[in-house]
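[1] I'd like to go over a predicted model; first the sequence, then the structure.
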Amino acid sequence: MKTSQPTDMLIKDLPALVQHELQHPLHNLQGVIRLLGTGRFGQLSQEGSQLLNTAMANLDRLTRLAVAVEEQPAALTSMFSDEQIRLFQLKQDLPGAIAQKAIYLVYQPIVCTRSQQVVGFEALARWEHPTYGPISPTLFIPIAEESGLIHEMGKYLIEQACFQLRRWQHDNPALTISVNLSALQLSQLDLADHIGRVLLATQIAPENLKLEITESTLIENSEVVGIVLKKLRELGVQLYLDDFGTGYSSLSRLPSLPLDALKVDRSFVTNQNWDICEVILALACKLSLNVIVEGIETAEEAQILEEIGFHYMQGYFFSHPVSVQDASQLLIESNSSQGLILAAAAR
Ligand code: C2E
Ligand code: MG
Ligand code: MG
């Protein structure tokens, strides 16, 4: 994405950003090198002493560089690409955006092609940056993870999604909501308690909340993740395996995982890998898992997948992720005699 503001207008903020980025690792390195130099870990060999001297010299150069950057910010334009500068800026601005609740949700319908109705929505996070415009969650979620802010943000987004579902359920009692969870959120022991409290406050039936996790989360499979997944299962919420087929999880582990559904990754649709889609569907049936296919962009793709045997679909063909207001309108269309699919085809 191109900056909408010239780079030099941001330069005044950069020394602080760069200082912030450099300070932490430099302090750590200084500490380690000093510790090694004390001799507390035994006498260093000649080679070890030489390496330590080189490390100290390099650290000194880095420290001087950090100071130079602070004193001559203009030099930064040649040192950092626009993309790196944007990343610095986003890292600096994300905490404020989270504190001000400027990260919000949009909703993409999940459609049952048999009933022609919207059966649920997937909630997707968005950030409208004042300078850079819309920032993809694939960019800001990792920043939130790195800074530890993912927990606060994730909890807030779960609340938002559940309260919105509650409002929609007034006229659509069976509607469901899917929320994405990152691996780090799943390593937080109080996550299930928080979700339990949200369910209580919103009076949503637990099975109407679907938590989407990716294969990589399960591969890591730390003891804590296992405990959290078990607690979530006990609450009665459903677990969906997102982007299925793109990770590296071993198929033999699939039956033992606490899952309710697979979401077939959109790349299989984009690349028209219909045979793979069919195999995944058969696998899901065998394991008594529900299955949703993502990334349907055309009527033709929807029809092929329907013929293969998929009945739950999501993709731009039905609707892009949209605001609460537009999603409410989609629900009205979906409940009309025309149904969402005919409405989509007519659009
Ligand atoms: P995801 O969970 O697999 O979400 C589906 C992504 O595919 C969304 O991108 C959606 O806009 C996009 N998509 C849907 N239909 C189509 C289609 O027909 N064609 C194409 N090309 N794309 C389609 P988005 O919103 O940019 O989200 C990207 C990823 O960021 C998500 O992938 C999810 O992994 C992550 N993410 C989004 N919101 C959250 C959140 O609140 N928390 C966490 N932890 N991760 C999130
Ligand atoms: Mg998802
Ligand atoms: Mg997905």
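    Thanks, I have it. The structure displayed is predicted, hence computed values, not measured ones. Ligands and ions are numbered 1, 2, ... in the order given.
[2] next, the buried residues of whichever strand in the chain runs longest.
    Using DSSP state E, we find that the single longest strand of the chain is strand 117-129. Residues of strand 117-129 classed as buried: Q117, V118, V119, G120, F121, E122, A123, L124, A125, R126, W127, H129 (neighbour count, 16 or more other CB atoms under 10 Å). Bear in mind the C-beta positions are built from the backbone N, C-alpha and C, glycine included.
[3] again, but for stretch 94-113
    Applying a neighbour-count criterion of 16+ other CB under 10 Å, one finds 94-95, 97-98, 103-113 buried in stretch 94-113.
[4] that stretch close to ligand 3?
    No - if you take CB under 5 Å from the ion as the test, stretch 94-113 misses ligand 3, and the best it gets is 10.2 Å.
[5] could you tell me the average pLDDT over that stretch, please?
    Computed over stretch 94-113, the mean pLDDT rounds to 96.
[6] just stretch 71-80 next, same as before
    67.
[7] just the terminal-to-terminal distance for it.
    16 Å (CA to CA, to the nearest Å).
[8] not counting sequence-adjacent ones, nearest residue to whichever residue of the stretch 51-200 of the chain sits closest to ligand 2?
    At 4.5 Å from ligand 2, N180 is the closest residue in the stretch 51-200 of the chain, using CB to the ion. Nearest residue to N180 in three dimensions, chain neighbours excluded: E212, at 4.7 Å (CB to CB, 6 or more residues apart in numbering).
[9] check whether the helix or strand where the one you found lies comes near ligand 3.
    In this structure, E212 sits in strand 209-214 according to DSSP states H and E. No - between strand 209-214 and ligand 3, judged by CB under 5 Å from the ion, nothing touches; the nearest distance is 6.9 Å.
[10] model confidence for S336, exactly?
    Predicted confidence (pLDDT) at S336: the value is 82.
[11] near it, how many other residues are there?
    Residue neighbour count, defined by other CB atoms under 10 Å, stands at 13 for S336.
[12] kindly report the residues of the stretch 151-300 of the chain close to ligand 3.
    Taking CB under 5 Å from the ion as the contact definition, the stretch 151-300 of the chain meets ligand 3 at D242, D243.
[13] K101 reaches Y156, doesn't it?
    Yes - using CB atoms under 8 Å, K101 makes contact with Y156 at a distance of 6.7 Å.
[14] which residues touch the residue nearest to N180?
    Under the criterion of CB atoms under 8 Å, 6 or more residues apart in numbering, the neighbours of E212 are E122, S178, V179, N180, L181, Y240, L241, D242, K263.
[15] how about 10 Å then?
    By CB atoms under 10 Å, 6 or more residues apart in numbering, the contact set of E212 is 122-123, 178-181, 238-243, 261, 263, 292.
[16] over to L257?
    Applying CB under 10 Å, 6+ apart, the residues near L257 are I213, E215, L218, N221, L229, L239, L241, S249, L287, L289.
[17] in this structure Q116 contacts S334, no?
    Yes - with contact defined as CB atoms under 10 Å, Q116 counts as touching S334 (7.4 Å).
[18] so between the two, which is more surrounded?
    The neighbour comparison of Q116 against S334 (other CB under 10 Å) goes to S334, with 24 against 17.
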